[in-house]
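# sequence and predicted structure, then a few things I'm wondering about:
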Amino acid sequence: MNAFVPFAAIIASSLFILALMWMSHPSTARRGVRAGEIGMLVAIVGALVQHEVVDYNLILIAMVAGAAAGIPMALLMPMTAIPQRTAISHAFGALAVGLIGAAEYYKHAHGEYAGSFIMWALMFEMLLGFLTCTASVIAFAKLQEIMGSRPVSFVGQRVVNGAVALAALVIAAMLALDPTQTWLFPAFVALALLFGILLVIPIGGADMPTVIALLNSYAGLAASAMGFALGNKLLIVAGALDGASGFILAVIMCKAMNRSFANVMFGGFGKVVAGAAGGKDDRVVRSASAEEAALQLENASSVVIIPGYGMAVAQAQHKVSELYQALTKKGVDVKFAIHPVAGRMPGHMNVLLAEANVPYEQLIELDDINPELPQADVALIIGANDTINPSARDDPQSAIAGMPIIEADRAKSVFVIKRSMNAGFAGIDNPIYYNSNTQMLFGDAKDMVGTIAKELAGGGSGLH
Amino acid sequence: MSSLNPDYLFVFILAAFVGFQLIKKVSPLLHSPLMSLTNAIAAVVIVGAISITGEEGATPLAKTLGFVAVFCATVNLVSGFMITDRMLKMFKPRGK
């Protein structure tokens, strides 16, 4: 039976690669999931038939319990909770990696010295695993709003973070060189866990897309490190694929904010500019009613809708889809402009709108929609703020200067649905609200879009 | 044994290159399902957890740690694949 084991690894690795290949387009993506599932099945069977494995009871109980927890989670999870789910699944995955590392460590601590390379790989694996675990739990708590999404900072934060990281590394090195010092091991685990917490508490809600992607990458690298420590090539491949994926997504998110990794991780975004917000001035804001907006929308020939995190918070995606249907029925061309960092994780807006039955061809990326905006009759902004802030383009002094934006202000007229005149996450003033072609629709996104959609569906101009 | 087996590094580098090339081609539409799919794939660490838990002469500590690891990895792989599929089912082209 053991002859099957290396082949299982090759088959599973190939299927994982195919799975990612088929994710390139929505039309083949579900095939990718099937490939991944079959690959996983082959890998698990390969692990179970190894003749070193003699006791199946615990394994089967854990797998049944895991499936019993995982299946309802997958079926009942509302789509709005996808960012939280992703964060907590990184925590689970990283915890598994950490615990396997710990079990391996104790094996080596009491046996013959395994060699420095294996020990280093093992310590690296656990460091990444444990820190990713707590970092993901904090990210989850912020996304689930158990914790405030504002950055948490304290005096000497960098010094403390640095000291904790250094201490963890020193102990890791001591254990790698001499694993028999088991009394040091709990301290190492505690420091790694603590470092994960410290790493994420200073990061604000709007940076979550980058952080989640980065944690995804860490979880993958930890799995790869485990492959090095256990001498398992399948783990190395799967971990490298996951690591590459998280890394690329994190790079895309950083570029979409014109910021560096270091700036996201250590910048404490959102506190720097607090003083700039709320500056009083006498600029005029024009507000409009839902009826007026409906009238203008139905007389438009092209409309670009720009959703942001506010749409997710208000759970307005189904009403937005109704609006899309109503306008399309009237022959208006409606497109959605999706900023890469809109929402709380990569692709967040796309999932919400797809769930609400907006066809995916209408969801257009930043670079493709910007050339079309000057021709658009109406840009309708729903719960987006910093991603459409023209000062990122026009004002080199702005805290978000250089960040690529959706150029909503170039449309012939602009409607902004917003609760009040409060500044967005970055706390930066947004000049688009004061432009002469902008009208504000004050209110809850869901109610406001619902009213506009009703006006449109009611036939005619709906003005009484 | 004390030095790096170059085969492993070779495999890692190749897999990372393949990963970069493939992920770059993934439509930004699907970045959320991509994350849950790669997360499910990374749950293949379950094979390590299975060895730790079930191998001959495993200590009670190793069995306990392995048990929790198998549980966590199973939760991830089951919910990861299922949620990915649920998300992808929602992405429909025009006229459907």
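Arrived safely, thanks for sending. Every value quoted in this text rests on a predicted model; they were computed, and no experiment measured them.

# okay, CA-based contacts and neighbour counts for the rest of this
OK.

# quick one, domains of chain A?
For chain A, the TED database gives the domain ranges A:1-75, A:77-272, A:288-457.

# got a markdown table for the ones you listed, with mean neighbour count, mean pLDDT and distance to chain B too?
Formatted as a markdown table, those follow (neighbours: other Cα atoms under 10 Å in any protein chain shown; pLDDT from 0 to 100; distance: least, Cα to the nearest Cα, whole Å):
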| stretch | mean neighbour count | mean pLDDT | distance to chain B |
| --- | --- | --- | --- |
| domain A:1-75 | 19 | 93 | 4 |
| domain A:77-272 | 22 | 89 | 4 |
| domain A:288-457 | 21 | 91 | 5 |
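
# for B:Ser79, which of these is the nearest?
domain A:1-75 (4.7 Å; Cα to Cα).

# hang on, the earlier thing: how about the domains of chain A in a markdown table, adding distance to B:Gly57?
Output for those, formatted as a markdown table (distance: least, Cα to Cα, whole Å):
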| stretch | distance to B:Gly57 |
| --- | --- |
| domain A:1-75 | 9 |
| domain A:77-272 | 10 |
| domain A:288-457 | 44 |
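
# contacts only, for B:Lys25.
Counting by Cα atoms under 8 Å, 6 or more residues apart in numbering or on different chains, B:Lys25 makes contact with A:Ser24.

# what's the longest helix in chain B?
Counting residues, the longest helix found in chain B (DSSP state H) is helix B:60-90.

# same for the host helix or strand of A:Thr328, what does it pack against?
A:Thr328 is part of helix A:317-329 when elements are defined by DSSP states H and E. Contacts defined by 3 or more Cα pairs under 8 Å, 6 or more residues apart in numbering or on different chains; DSSP states H and E place helix A:317-329 against strand A:333-338, helix A:348-355, helix A:445-457.

# which one of these lies nearest to A:Ala238?
The nearest among these, by Cα to Cα, is helix A:348-355 at 24.3 Å.

# I'd like the next helix or strand past the closest one.
That would be, after helix A:348-355 and using DSSP H and E, strand A:363-365.

# before we move on, the earlier item: and the helices and strands packed on helix A:317-329: which comes nearest A:Ser13?
A:Ser13 lies closest to helix A:348-355 among those, at 27.7 Å (Cα to Cα).

# could you find the closest non-adjacent residue to the residue nearest the centre of chain A?
Geometric centre of chain A, nearest residue: A:Met345, 2.3 Å, by Cα atoms, centre = their mean. Once flanking residues are discounted, A:Met345 sits nearest to A:Pro209: 3.9 Å by Cα to Cα, 6 or more residues apart in numbering or on different chains.

# which elements pack onto the helix or strand where the one you found lies?
Using DSSP H and E, A:Pro209 sits in helix A:208-230. Judged by 3+ Cα pairs under 8 Å, 6+ apart, helix A:208-230 is in contact with helix A:82-110, helix A:116-143, helix A:233-257, helix B:31-42.

# distance from the chain centre to the second one, please.
Between the centre of helix A:116-143 and the centre of its host chain there is 18 Å, according to Cα atoms, centre = their mean, to the nearest Å.

# show me what it is packed against.
Against helix A:116-143 (3+ Cα pairs under 8 Å, 6+ apart) you get helix A:82-110, helix A:157-177, helix A:185-200, helix A:208-230.

# now do the shortest one
Helix B:31-42 is packed against helix A:26-48, helix A:82-110, helix A:208-230, helix A:233-257, helix A:348-355, helix B:60-90, with contacts defined by 3+ Cα pairs under 8 Å, 6+ apart.

# between those, which one is nearest to B:Phe12?
helix A:233-257 (5.8 Å).

# from the chain's centre, how far out does the closest one sit?
Worked out by Cα atoms, centre = their mean, helix A:233-257 lies 13 Å from the chain centre.

# got it, and stretch B:41-59?
14 Å.

# mind listing what's buried along that stretch?
Buried residues in stretch B:41-59, counting neighbours by 16 or more other Cα atoms under 10 Å in any protein chain shown, are found at B:41-55, B:58.

# in helices only, show me the residues you listed.
B:41-42, B:46-54.

# just checking, A:Val200 touches A:Ala139?
Yes: counting by Cα atoms under 8 Å, a contact exists between A:Val200 and A:Ala139, whose distance comes to 6.8 Å.

# and stretch A:288-307, how far out from the chain middle?
So, by Cα atoms, centre = their mean, the centroid of stretch A:288-307 is 30 Å from its chain's centroid.

# try stretch B:87-96
26 Å.

# ok, and does it reach over to chain A?
Yes: with Cα under 8 Å from any Cα of the partner chain as the criterion, chain A is reached by stretch B:87-96 at B:87-95.

# now A:His318, nearest residue through space, not along the chain?
Here the residue nearest A:His318, using Cα to Cα, 6+ apart, is A:Ala356, at 5.0 Å.

# OK, contacts around the spatially most central residue of chain B?
With distances taken as Cα atoms, centre = their mean, the residue of chain B nearest its centroid is B:Ala42 (1.4 Å). For B:Ala42, the contacting residues are A:93, A:219-220, A:223, A:235, A:238-239, A:242, by Cα under 8 Å, 6+ apart.

# report pLDDT for it.
In this model, B:Ala42 is scored at 94, pLDDT.

# excluding its backbone neighbours, what's nearest A:Ile252?
A:Pro340 (7.6 Å).

# next, that neighbour: secondary structure please.
Classification of A:Pro340 by DSSP: H, G, I helix; E, B strand; the rest coil places it in coil.

# how near is it to A:Leu76?
27 Å (Cα to Cα, to the nearest Å).

# check A:Met253 too.
For A:Met253, the distance to A:Leu76 - Cα to Cα - is 29 Å.

# ok, now B:Phe91?
19 Å.

# same question for B:Ala49.
In terms of Cα to Cα, B:Ala49 sits 27 Å off from A:Leu76.

# over to A:Phe228?
Distance from A:Phe228 to A:Leu76, by Cα to Cα: 37 Å.

# again with A:Ala35
24 Å.

# and for A:Met345?
Distance from A:Met345 to A:Leu76, by Cα to Cα: 20 Å.

# now the helix or strand harbouring A:Ile381: how far from the chain's centre is it?
Taking DSSP H and E as the criterion, A:Ile381 maps to strand A:378-382. Offset of strand A:378-382 from its chain centre (Cα atoms, centre = their mean): 24 Å.

# give the other helices and strands that that strand contacts.
Going by 3+ Cα pairs under 8 Å, 6+ apart, strand A:378-382 lies up against strand A:302-307, strand A:413-418.

# next SSE downstream of that strand?
Taking DSSP H and E, what comes next after strand A:378-382 is helix A:391-394.

# ok so, going back, residues in contact with the strand holding A:Ile381?
By Cα under 8 Å, 6+ apart, strand A:378-382 touches A:296-297, A:300, A:302-308, A:310-311, A:373, A:408-409, A:411-418, A:445.

# just stretch A:7-17 next, same as before
A:35-36, A:38-40, A:42-43, A:46, A:233-234, A:237-238, A:241, B:18-19, B:41.
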